[in-house]
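J.: Based on what follows, work out the 3D shape:
(4 chains)
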Protein chains: 2
Amino acid sequence: MTAVSGDGTPPEDLGITVQASIYDVAKAAGVSASTVSRVLSGARSVRPESAAAVMAAVEELGYRPNQLGRALRRRSTQAIGMIVPRVDNPFFPSVVQHTEEYLRLQGYALLLCTSNDDPGIEAQRLDMLTERQVDGLLISPCHQTRSLPAVRRAAERIPLVQLDRSVEGETYDFVGVDDAGGIRQLITHMRSLGRWDIAYVGGDRGNWSGAQRHTAFLAALDGSEPDPERVLLASFSERWGREAAERLLTSPTPPDAIVCGNDLIALGVLSAAARLGLRVPQDVTVSGYDDISMAVLAQPSLTTVRQPVEELTRQAADLLLARITEPGREPCTLTLPTQVIVRGSTCPTHADEGPLHAGGAADGVPGVHVAR
Amino acid sequence: MTAVSGDGTPPEDLGITVQASIYDVAKAAGVSASTVSRVLSGARSVRPESAAAVMAAVEELGYRPNQLGRALRRRSTQAIGMIVPRVDNPFFPSVVQHTEEYLRLQGYALLLCTSNDDPGIEAQRLDMLTERQVDGLLISPCHQTRSLPAVRRAAERIPLVQLDRSVEGETYDFVGVDDAGGIRQLITHMRSLGRWDIAYVGGDRGNWSGAQRHTAFLAALDGSEPDPERVLLASFSERWGREAAERLLTSPTPPDAIVCGNDLIALGVLSAAARLGLRVPQDVTVSGYDDISMAVLAQPSLTTVRQPVEELTRQAADLLLARITEPGREPCTLTLPTQVIVRGSTCPTHADEGPLHAGGAADGVPGVHVAR
DNA sequence: ACCGTCGCGGAAATCGATTGCCGTGAATCA
DNA sequence: TGATTCACGGCAATCGATTTCCGCGACGGT
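T.: Here you go, the predicted model:
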């Protein structure tokens, strides 16, 4: 059955050769397909001669098992699907890198997709991965509410864990960071430097991070009046940071500090400040969020909030594996602590001079780390 | 056969519900599985009443076809595997983004993997994707020679196209850019500014881009002596750029221009220069390669070589689709032209002042574009 | 009235691998 | 010696969807 070659015609070598199936191996080794399967999987003991014959045939034919057939029968693809909003924000590649590495050690392959911050594309990807029978899903939903229907649909069929961002209106497993705490710490830091007129440039409130950080900013201002001119929201991009900073810094009453929704925005702000001839941190202090690798290289280097990426991905992966083995468990939410990294964009004493490879030193405030 | 529920026990709703198969739909609709398949695929005409019954059952059961079964039978997964060396170099995310978008329009899903610049991991990923029966592979091999065995093994079974980087020793379809031409243009540009003592800071020669660009730099120097102190090779990272620049610029005879192997290196160089109190471009000019989005925001903005990413991905995807439909065709190599983007890091007259959103203007030299 | 044709539906084979079940022969034990 | 266990191998069912082949009834043409 299902013999593959030997139909009389010469091989006619054209690039791609037909794949040998387990039956071809069985025939070449003079055993049954069951035996081949058992040799390869080690599921049951096999006579050494048979095993040797099988291995020889595998080698000879260059046999590689078809994971489609295996997955169909086993009801497990040993693959995890992952969906992140963007890959041009360095934070997510970093998350992806760690996740892939960790899951590989657990014997899973990672299938990565991008939603491009579009709930429609995200839903397509979610459906695609579901139909391809991944064993689990990791997702940073691109929108708090508009992502919900597709996330719900997927979670009904497949173990799903959210990381870094979450949807609202239903609770699924979620590993995030203390976004609000990070912002609060930053504000405290700014005020300790004598900065009281603090502006906020953030992403839109559609996604979790944007909403959390903005809300935290407003809350941290408690006493002060929330001047609408001081709070600008649009997108998590350098371009927006630049544009917003231009608006803020050319106004008659510019703020003396700018807290940004993430590092990309902050880099845009630094760019605009430099262009306008303003000195950072003397004229205005600036902070970011995420601690991407560019942050330490910026001019000046960027004060920011570091998310514990490795911990984040490990916890999310563990949560997913737990839900795979035990689908009925209660949804659980983990919030990891963040850490403020103080650099030159807020602290002149840490401006970018001195040896390039100096280490940092804690300055006594819990959760605040002074670098370089 | 394969009835799914109705075994007497109550539903016992725990998170995940069992997936309905095409047979469940058939039973609910009172037709055969063949008919369900035909309704869903539109392969053959079906009586309207049957079709309606099927659609109702699909809706009712929330049926989603299992792509594993479909792919097994159809011998096509409608998925393309892609492997890039890193995702923390913004150039590749950009390539990925465009590729995914284009392939989606052609009805393919993209499964993305990262090799982390490690030929061993790359080989694993290649095998994994091959065993999962992707219809084609797109790869930027992380190493010119060490990637060859795994690439060969994969290409023997599945249509494969290389993009941006290639292996050596065997020719497979490849879409790249004129790396050498870009470097030559940069050198010409530097010399036209009166800079003759040009240093090169690049990635290692293990991968295609590193080797091409380094070789081109040496070749462009023809007359001049290739001072080994002036050519530093290690990795395509900001960190390396910073370290190398520190070495170059603190030497007794610093160069008056630094050509970098990519933008990340160049950003590191700018960072080191600023820290050492050197002015760019007055004291030293700096150029990058790739035109990542940070390049325009750097202080000063970065002169660089733009790769035609969209064209690159479109051509690579088209080549792959062509090879899928016609596996026997001759391997083909495409080399796309690059374009130098002149910005503030080489040209003081284009320093970063003026309106933020100004467009650029061509300065008459072919292939050279003066931005902002 | 008879014979093709057409529309439509279903049974069954198929894709590739896994696994429950049974059979066979050898070894062990009473 | 006869019974029981054990090691090992193969048959066939199975996962879920597609597709070939065939059958049935209706319809049109002569």
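J.: Can you confirm whether stretch A:48-59 lies near chain B?
T.: No. Stretch A:48-59 does not reach chain B (Cβ under 8 Å from any Cβ of the partner chain); its nearest approach is 13.3 Å. Glycine gets a C-beta too; all of them are placed from N, C-alpha and C.
J.: do the same with stretch A:159-167
T.: Yes. Against chain B, stretch A:159-167 shows contacts by Cβ under 8 Å from any Cβ at residue A:159.
J.: Show me how far that stretch is from its chain's centre.
T.: Once both centres are worked out by Cα atoms, centre = their mean, to the nearest Å, stretch A:159-167 turns out to sit 10 Å from its chain's centre.
J.: Kindly export that stretch (C-alpha atoms) in PDB.
T.: The C-alpha coordinates for stretch A:159-167 follow below in PDB (Å, rounded to 0.1, in the frame of the first residue of the first chain):
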ATOM      1  CA  PRO A 159      -5.800  26.900  26.400                       C
ATOM      2  CA  LEU A 160      -4.900  30.600  26.200                       C
ATOM      3  CA  VAL A 161      -2.800  32.800  28.300                       C
ATOM      4  CA  GLN A 162      -2.400  36.600  27.900                       C
ATOM      5  CA  LEU A 163       0.800  38.300  28.600                       C
ATOM      6  CA  ASP A 164       1.800  41.900  29.100                       C
ATOM      7  CA  ARG A 165      -1.700  43.100  27.900                       C
ATOM      8  CA  SER A 166      -5.100  41.800  28.700                       C
ATOM      9  CA  VAL A 167      -8.700  42.200  27.400                       C
END
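J.: Where does pLDDT dip in the stretch 1-150 of chain A?
T.: Residue ranges of the stretch 1-150 of chain A with pLDDT under 70: A:1-17.
J.: how about a cut-off of 90?
T.: Flagging of the stretch 1-150 of chain A using pLDDT under 90 yields the residue ranges A:1-19, A:43, A:45, A:87-90.
J.: what about the strands in chain A?
T.: Listed in chain order, the strands of chain A (DSSP state E) span A:79-84, A:109-114, A:136-139, A:160-163, A:173-177, A:198-203, A:231-234, A:257-260, A:285-287, A:304-306, A:333-336, A:339-342, A:361-362, A:368-370.
J.: Nearest to residue B:96, out of those?
T.: Closest approach to residue B:96 among those (Cβ to Cβ): strand A:109-114, 7.2 Å.
J.: before we move on, back to that, with mean neighbour count as added columns, please give the strands of chain A in CSV.
T.: Output for the strands of chain A, formatted as CSV (neighbours: other Cβ atoms under 10 Å in any protein chain shown):
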stretch, mean neighbour count
strand A:79-84, 26
strand A:109-114, 25
strand A:136-139, 27
strand A:160-163, 26
strand A:173-177, 24
strand A:198-203, 26
strand A:231-234, 18
strand A:257-260, 30
strand A:285-287, 29
strand A:304-306, 25
strand A:333-336, 15
strand A:339-342, 23
strand A:361-362, 12
strand A:368-370, 18
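J.: With residue A:47 as the reference, name the closest of those strands.
T.: Going by Cβ to Cβ, the one of the strands of chain A nearest residue A:47 is strand A:109-114, 33.0 Å.
J.: Say whether chain B is contacted by the closest one.
T.: Yes. Using Cβ under 8 Å from any Cβ, strand A:109-114 reaches chain B at A:109, A:110, A:111, A:112, A:113, A:114.
J.: for residue A:79, what are its contacts?
T.: Residues in contact with residue A:79 (Cβ atoms under 8 Å, 6 or more residues apart in numbering or on different chains) are A:108, A:109, A:110, A:111, A:132, A:134, A:135, B:132.
J.: Now render the strands of chain A as a markdown table, adding distance to residue B:200.
T.: What follows is these, written out as a markdown table (distance: least, Cβ to Cβ, whole Å):
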| stretch | distance to residue B:200 |
| --- | --- |
| strand A:79-84 | 35 |
| strand A:109-114 | 34 |
| strand A:136-139 | 41 |
| strand A:160-163 | 41 |
| strand A:173-177 | 41 |
| strand A:198-203 | 38 |
| strand A:231-234 | 40 |
| strand A:257-260 | 35 |
| strand A:285-287 | 33 |
| strand A:304-306 | 32 |
| strand A:333-336 | 42 |
| strand A:339-342 | 33 |
| strand A:361-362 | 36 |
| strand A:368-370 | 36 |
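J.: Least reliable of those strands by average pLDDT, please.
T.: Looking at the strands of chain A, the lowest mean pLDDT belongs to strand A:361-362 (a mean of 36).
J.: related to what we said a few turns ago, for the strands of chain A, which one sits closest to residue A:101?
T.: Taking the strands of chain A one by one with Cβ to Cβ, strand A:109-114 is closest: 9.1 Å.
J.: Now tell me what touches the top helix by length along chain A from outside.
T.: Counting residues, the longest helix in chain A under DSSP state H turns out to be helix A:309-325. With Cβ under 8 Å, 6+ apart as the test, helix A:309-325 has contacts from A:80, A:91, A:94-95, A:98-99, A:102-103, A:106, A:135-138, A:159-164, A:173, A:175-177, A:329, A:332, A:334, A:336.
J.: right, and residue A:300 touches residue A:288 too?
T.: No. When contacts are counted by Cβ atoms under 8 Å, residue A:300 is not listed as touching residue A:288 (11.8 Å).
J.: higher neighbour count, these two?
T.: residue A:288 (30 against 25; other Cβ atoms under 10 Å in any protein chain shown).
J.: ok, for the more buried one, nearest residue in space, not its chain neighbours?
T.: Spatially, and ignoring its direct neighbours in sequence, residue A:288 is nearest to residue A:266 (3.3 Å; Cβ to Cβ, 6 or more residues apart in numbering or on different chains).
J.: number of nearby residues for residue A:317?
T.: 27.
J.: try residue A:194
T.: Look at residue A:194: counted by other Cβ under 10 Å, it has 9 neighbours.
J.: repeat for residue A:252
T.: Neighbour tally, residue A:252, other Cβ under 10 Å: 4.
J.: which residues of chain A fall in helices?
T.: A:22-29, A:33-41, A:48-61, A:67-74, A:91-105, A:119-131, A:148-155, A:179-192, A:208-220, A:238-249, A:263-275, A:309-325.
J.: rewinding a little: output the strands of chain A in a markdown table, with distance to DNA strand C appended to each entry.
T.: A markdown table is the format used below for the strands of chain A (distance: least, Cβ to the nearest atom of the strand, whole Å):
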| stretch | distance to DNA strand C |
| --- | --- |
| strand A:79-84 | 15 |
| strand A:109-114 | 15 |
| strand A:136-139 | 19 |
| strand A:160-163 | 25 |
| strand A:173-177 | 27 |
| strand A:198-203 | 46 |
| strand A:231-234 | 50 |
| strand A:257-260 | 51 |
| strand A:285-287 | 53 |
| strand A:304-306 | 43 |
| strand A:333-336 | 33 |
| strand A:339-342 | 45 |
| strand A:361-362 | 53 |
| strand A:368-370 | 49 |
